[in-house]
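1. Pasting a predicted model and its sequence here:
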Amino acid sequence: MTGKIPRGCSTRRPLPARQTALRGFAKVQFGSGLIVSEIGVHVARTRARASPPSRPWLKDNALVVNEITGKPQYSPVIDFATHGIRSSWSRQVLTALREAHPEVFADQEEALALANYR
């Protein structure tokens, strides 16, 4: 992943309501030609991150749900050797998304401006 800057974000599928930090999903083409779809885009206050695609856990043809939170459990489709590589990948995806769809980060930039003002 080092040195491979994404060519750009070709599509974005926003979520209708902003009840959580998850803003939607993106499809990004990297310089190597790799195209990754269904990248989760999360924005909360002054922080943003991209999460690799995942799929729901199934057991006996039923969705596995966390007993404490009641939320479905997911397993990654792709993974990274280290946390640093994952962070670098996330930054690259966010850079491409910012260039193609800056409106996704409007609230984040406003929060950053307020945080710097204080």
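-> All right, it came through fine.

2. what number of residues lie near Ile39?
-> If you count neighbours by other CB atoms under 10 Å, Ile39 ends up with 23. (Glycine included, C-beta is placed from N, CA and C.)

3. partner residues bridging it?
-> Judged by DSSP bridges, the bridge partners of Ile39 are Ala26.

4. Ala50 is in contact with that one, correct?
-> Yes - judged on CB atoms under 8 Å, Ile39 makes contact with Ala50 at a distance of 5.3 Å.

5. For those two, list the residues in contact with both.
-> 26, 93 (CB atoms under 8 Å, 6 or more residues apart in numbering).

6. which element is Arg86 on?
-> Here Arg86, judged by DSSP states H and E, is contained in helix 83-100.

7. Within its local environment, how many residues does Arg49 see?
-> Neighbour count for Arg49, taken as other CB under 10 Å: 16.

8. List the buried residues of the host helix or strand of it.
-> Per DSSP H and E, Arg49 falls inside strand 47-51. For strand 47-51, the neighbour count (16 or more other CB atoms under 10 Å) marks 48-51 as buried.

9. pLDDT score for Ser88?
-> Note for Ser88: predicted pLDDT of 91.

10. After the strand holding Arg49, which helix or strand is next?
-> Counting by DSSP H and E, what follows strand 47-51 is strand 54-56.

11. State the distance from Ser90 to Val41.
-> Relative to Val41, Ser90 is positioned 10 Å away (CB to CB, to the nearest Å).

12. which residues are in contact with both of these two?
-> With CB under 8 Å, 6+ apart as the test, Ser90 and Val41 both reach Ala50.

13. List the buried residues in the helix holding Arg86.
-> 86, 89-90, 92-98, 100.
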